[in-house]
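>>> just to be clear, the model below is a prediction. Sequence and coordinates:
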2 protein chains.
Amino acid sequence: MYGVPTETQRGTVTTREEVARAALELADRDGIDALSMRRLADTLGVGTMTLYGYFRSKSELLGGVVDAAVDDREDLPTQGPWRGCLRDVVLTARRSMLRHPSLVETRMRQPVLRPEALRFAEATMTILTGAGMDREAAARTFRLLFTFLFGYAALSPAGDVEQAGRSARAALSALPPDDYPALASAVDEAAGAMGGEETFAFGLELILDGVAARLDHSTAQR
Amino acid sequence: MYGVPTETQRGTVTTREEVARAALELADRDGIDALSMRRLADTLGVGTMTLYGYFRSKSELLGGVVDAAVDDREDLPTQGPWRGCLRDVVLTARRSMLRHPSLVETRMRQPVLRPEALRFAEATMTILTGAGMDREAAARTFRLLFTFLFGYAALSPAGDVEQAGRSARAALSALPPDDYPALASAVDEAAGAMGGEETFAFGLELILDGVAARLDHSTAQR
DNA sequence: ACCTGAACACCGTTCAAGT
DNA sequence: ACCTGAACACCGTTCAAGT
């Protein structure tokens, strides 16, 4: 139906984890829209309804997909100067998202409150309160970093980056220069800011500058 | 089929814009998943295929929805001190998103490069380059603000904020305190940072602090 | 006990036929 | 010319039946 099943063509599935891993692989490769109960069952060589023996619903399956994606994550550093630590934590999460694109797509469909996924929150809170930030500001800063990470990934061009860049450049060039003078004289820069790790790094460092300004503030107030 | 059609029960649709406005209304009210060609046609009192006379595909319809949502947007200020201006521009965009939740959901499904939607980019670039930032940094800062705006809206609890807060609190409280000491001692703060305009304002001001740090830098270098 | 085909209520879109 | 019902290839999930 959907071409040759890539693996685990066994006739019988053994564990819940195995189903989740196959779902993660399928979603990472072909996108979240390609992850249907029917297609996943086909890939595993079982009937569609068999999957409901492992997960009560597709929503629960997506939870399992998140767990499977977070499973192979690297350790998060919390020792040392706050700026380097926080940068490493964010970049580690970023790498995790690049490795598992479906992690982002899944989070856009439903909130994630699983313990493993909260490790990032824990590390961020530890670093920031350790640097002298109060708990409320630390929690809000965590939310900002979280928004930046997921937002950046979700709003990045999905497939062909080259193609997306050309589309952006074409749209910007077609703008009437009288109405859009700033964009008209910065077509290259605006199109360039559409994607790439440099733009991500720029945003991260700017946020870290903002955090530094906050920490100076509270230190000065003491 | 879907209950009583709310309005424009006319039998015949007149314009492309009318279809787009009805689609926007449906998506804003019941969510983007509720916006199907069949259901929209029902709402308008026409056959499903009639819609394809106005939009070649659903993707094109979603473009029309964005146009309809952006149509009633307020003017963007670009005169005066950069910080107040930039804040106003971001808050104006924020209001637009709160008025039309489907704007965010639509953007998550496909990129938006329509002239009207690029007004936000134009205003941001004008303010930042006017304040002395080079075009590349300005473009990247725009991307950060854009990411923050859409990311914040997309990752906010969708429906009942109270209910989402309770779920978050429950998940955080259930965490083993030995493994999550920072979160365990900041359950209220972490749950509170899940939603609300104060958290949005905090993130925005922190980013503005980061921008200020960049502007000081380049001024000092001169 | 475990697995699953058929069925139900949905999708977007093509195609051919109605007026 | 404009509109649209039927059909096709998909969805998630319930239910009853198979082993």
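On my side now, so go ahead.

>>> helices or strands up against the helix of greatest length in chain A?
Longest helix in chain A, counting residues (DSSP state H): helix A:197-221. Helices and strands touching helix A:197-221, by 3 or more Cβ pairs under 8 Å, 6 or more residues apart in numbering or on different chains; DSSP states H and E, are helix A:82-99, helix A:135-155, helix B:135-155, helix B:197-221. Backbone N, C-alpha and C define where each C-beta goes, glycine included.

>>> just put those helices in a markdown table and tack on distance to B:Pro81.
Converted to a markdown table, the helices and strands packed on helix A:197-221 look like this (distance: least, Cβ to Cβ, whole Å):
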| stretch | distance to B:Pro81 |
| --- | --- |
| helix A:82-99 | 29 |
| helix A:135-155 | 23 |
| helix B:135-155 | 16 |
| helix B:197-221 | 11 |
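
>>> just send these back as a markdown table, with mean neighbour count and mean pLDDT too.
Compiled in a markdown table, these are given as follows (neighbours: other Cβ atoms under 10 Å in any protein chain shown; pLDDT from 0 to 100):
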| stretch | mean neighbour count | mean pLDDT |
| --- | --- | --- |
| helix A:82-99 | 18 | 96 |
| helix A:135-155 | 23 | 97 |
| helix B:135-155 | 23 | 97 |
| helix B:197-221 | 17 | 89 |
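
>>> ok, which of these comes nearest DNA strand D?
Proximity to DNA strand D, assessed across those by Cβ to the nearest atom of the strand, is greatest for helix A:135-155 (20.2 Å).

>>> tell me how many other residues surround the residue lying closest to A:Arg143 once chain neighbours are set aside.
Closest residue in space to A:Arg143, ignoring its immediate chain neighbours: B:Ala193 at 4.5 Å, by Cβ to Cβ, 6 or more residues apart in numbering or on different chains. Residues lying near B:Ala193 (other Cβ atoms under 10 Å in any protein chain shown) number 26.

>>> circling back: can you list the neighbours in contact with the longest helix of chain A?
With Cβ atoms under 8 Å, 6 or more residues apart in numbering or on different chains as the test, helix A:197-221 has contacts from A:82-83, A:86-87, A:90-91, A:94, A:128, A:131-134, A:137, A:141, A:144-145, A:148, A:152, A:192-193, B:137, B:140-141, B:143-144, B:147, B:206-214.

>>> for stretch A:16-31, same thing?
A:6-8, A:13, A:34-35, A:39-40, A:43-44, A:51, A:54-55, A:61, A:64-65, A:67-69, A:100-102, A:105-106, A:158.

>>> right, is that stretch up against DNA strand D?
No. On the criterion Cβ under 7 Å from any atom of the strand, stretch A:16-31 is out of touch with DNA strand D, staying 10.0 Å away.

>>> buried stuff in that stretch?
Within stretch A:16-31, the residues that qualify as buried are A:Val19, A:Ala20, A:Arg21, A:Ala22, A:Ala23, A:Leu24, A:Glu25, A:Leu26, A:Ala27, A:Asp28, counting by 16 or more other Cβ atoms under 10 Å in any protein chain shown.
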